[in-house]
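Student: heads up, no residue letters with this:
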């Protein structure tokens, strides 16, 4: 592959060790040696000489063609890939427009070119061996697999995988990442975009894919998911987007988690084993059936499972209310006293026909939130409330008068 991997890679970030590594690479004819020397001198990443050296590295190690394809965007540092973002380039997914030609897949121009690239990469580089180059829906998985299994990706620090054919590529990406320890990978995005939860997904070939088929049978199988989290000891920030991607997240040191959609296979929002979590943000709305999850799911937020959680973001989360609404459920949460900030979508307390008026309920609950920074993204509606009394109570919650 033209990628020298016989020279031991420094375990520290000390420049003295890396300059020794650079000398050894230079003696072996690897252009990464000169690239590391220039980086030590403070040359910026967009410097023409440094960029040319890394383009030579890409050719030498078989990764040329990925940059021209456009789906991968990556940056180098100290002779290895440091950042990488994957997203199928425009024109290689479903075609625009309506009618019988909608979603017919890669264009006549891009299809053969991408297939040829995939065939070459599979012939020259390590991969899982499970890819069919004659199936366009497997090209994405192949492009992801070969890069993540390449020795050059061993020191990735941040990685984004915006997937289209996730029914093939998500599990393949997890397997490739789990194939070796990733001691520097601190930030990861993995998922697929959607407009409405559980909508019919379109593959890169324009075929329909019902995401609900993965309910209780995640896109990334259970054992593979566990292997993935174990291979990412330095992971601190994780973002997952889509439907039924994993059974759960099991990670002792993860500090920031953001989910968009029903990313866990049982439909739960908080079914993780992440005791180090400091910040949790959840985005979910009504699905294509017009259904929202019950706010009783909030009861799963317990100190035993989230002992270090300090920041909870629910500003983009819609729940089907029970009784007095989300505010009342959160007020009863044993997790509430340890939070420093809380964002909710709306503050709504309706007249449920109970003995107490909605404003009385708010007056009772408000002091429980006095210790934290409470933010309401949307509206505040307390049914039947006197406006002056309501403003007084909202001021106790840190809301400025007239900000509703």
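Tutor: Thanks, I have the structure now. Fair warning: this is a prediction, and the values are worked out from it, not measured in the lab.
Student: mind giving me the packing neighbours of the least confident helix or strand in the chain by mean pLDDT?
Tutor: Least confident element among the helices and strands of the chain, by mean pLDDT, DSSP states H and E: helix 387-396 (a mean of 80). Using 3 or more Cβ pairs under 8 Å, 6 or more residues apart in numbering; DSSP states H and E, the elements in contact with helix 387-396 are helix 358-365, strand 380-382. For every residue, glycine as well, the C-beta is placed using N, CA and C.
Student: can you tell me the helix or strand for residue 118?
Tutor: If you go by DSSP states H and E, residue 118 is part of helix 110-124.
Student: quick one: that helix to chain centroid distance?
Tutor: Chain-centre distance of helix 110-124: 27 Å, with Cα atoms, centre = their mean, to the nearest Å.
Student: go on, stretch 286-300?
Tutor: Offset of stretch 286-300 from its chain centre (Cα atoms, centre = their mean): 21 Å.
Student: just the mean pLDDT for that stretch, thanks.
Tutor: The pLDDT scores in stretch 286-300 average 90.
Student: which stretches of the stretch 151-300 of the chain form strands?
Tutor: For the stretch 151-300 of the chain, the strands defined by DSSP state E, counting those that start in this stretch cover 158-162, 187-191, 201-202, 208-209, 237-241, 256-260, 279-284.
Student: got the angle for the helix or strand just after the longest one vs strand 256-260?
Tutor: Spelled out, it's strand 279-284. Next along the chain after strand 279-284, taking DSSP H and E as the criterion, comes strand 311-317. Strand 311-317 runs at 10 degrees relative to strand 256-260, counting by axes from the mean of the first three to the mean of the last three Cα atoms, to 10 degrees.
Student: got a list of contacts for strand 311-317?
Tutor: 258, 260, 269, 278-285, 301, 326, 335, 339-345, 375, 377 (Cβ atoms under 8 Å, 6 or more residues apart in numbering).
Student: ok, now stretch 348-362?
Tutor: Counting by Cβ under 8 Å, 6+ apart, 321, 323-328, 364, 379-386, 389-390, 393 sit against stretch 348-362.
Student: and if we set it to 10 Å?
Tutor: Contact with stretch 348-362 is made by 321, 323-328, 331, 347, 363-365, 376, 378-386, 389-390, 393-394, 396-397, as judged by Cβ atoms under 10 Å, 6 or more residues apart in numbering.
Student: what does stretch 27-39 give?
Tutor: Stretch 27-39 is contacted from outside by 2-7, 15, 18-19, 21-26, 43-45, 47, 49-57, 59-61, 76-80, 152, using Cβ under 10 Å, 6+ apart.
Student: buried stuff in that stretch?
Tutor: In terms of neighbour count (16 or more other Cβ atoms under 10 Å), stretch 27-39 has its buried residues at 30, 31, 32, 33, 34, 35, 36, 37, 39.
Student: who are the contact partners of residue 168?
Tutor: Contacts of residue 168 by Cβ under 10 Å, 6+ apart are 130-132, 135, 137-142, 144-145, 203-204, 219.
Student: how close does it get to residue 229?
Tutor: Using Cβ to Cβ, to the nearest Å, we find residue 168 at a distance of 21 Å from residue 229.
Student: for the protein, which spans come out with low pLDDT?
Tutor: Applying pLDDT under 70 to the chain flags the ranges 1-2, 90-109, 321-324, 352-354, 399-404.
Student: for the stretch 101-250 of the chain, what spans make up the helices?
Tutor: For the stretch 101-250 of the chain, the helices defined by DSSP state H, counting those that start in this stretch cover 110-124, 139-149, 166-178, 222-230.
Student: which other helices and strands does the second one contact?
Tutor: So the one you mean is helix 139-149. With contacts taken as 3 or more Cβ pairs under 10 Å, 6 or more residues apart in numbering; DSSP states H and E, helix 139-149 sits against helix 66-69, strand 72-77, strand 80-87, helix 110-124, strand 158-162, helix 166-178.
Student: and the fourth one with helix 139-149, angle?
Tutor: It stands for helix 110-124. Per the same axes, to 10 degrees, the angle that helix 110-124 makes with helix 139-149 is 40 degrees.
Student: thinking again about what came up before, restricted to buried residues, select the contacts of residue 168 in ChimeraX.
Tutor: Of the contacts of residue 168, the buried ones go into a single ChimeraX selection, burial set by 16+ other Cβ under 10 Å:
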select :131,137,138,139,140,141,142,144,145,203,204,219
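Student: now distance to residue 313 and mean neighbour count too, for the strands of the stretch 151-300 of the chain, in JSON lines please.
Tutor: Below are the strands of the stretch 151-300 of the chain laid out as JSON lines (distance: least, Cβ to Cβ, whole Å; neighbours: other Cβ atoms under 10 Å):
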{"stretch": "strand 158-162", "distance to residue 313": "20", "mean neighbour count": "19"}
{"stretch": "strand 187-191", "distance to residue 313": "16", "mean neighbour count": "21"}
{"stretch": "strand 201-202", "distance to residue 313": "26", "mean neighbour count": "18"}
{"stretch": "strand 208-209", "distance to residue 313": "29", "mean neighbour count": "12"}
{"stretch": "strand 237-241", "distance to residue 313": "12", "mean neighbour count": "19"}
{"stretch": "strand 256-260", "distance to residue 313": "8", "mean neighbour count": "21"}
{"stretch": "strand 279-284", "distance to residue 313": "4", "mean neighbour count": "19"}
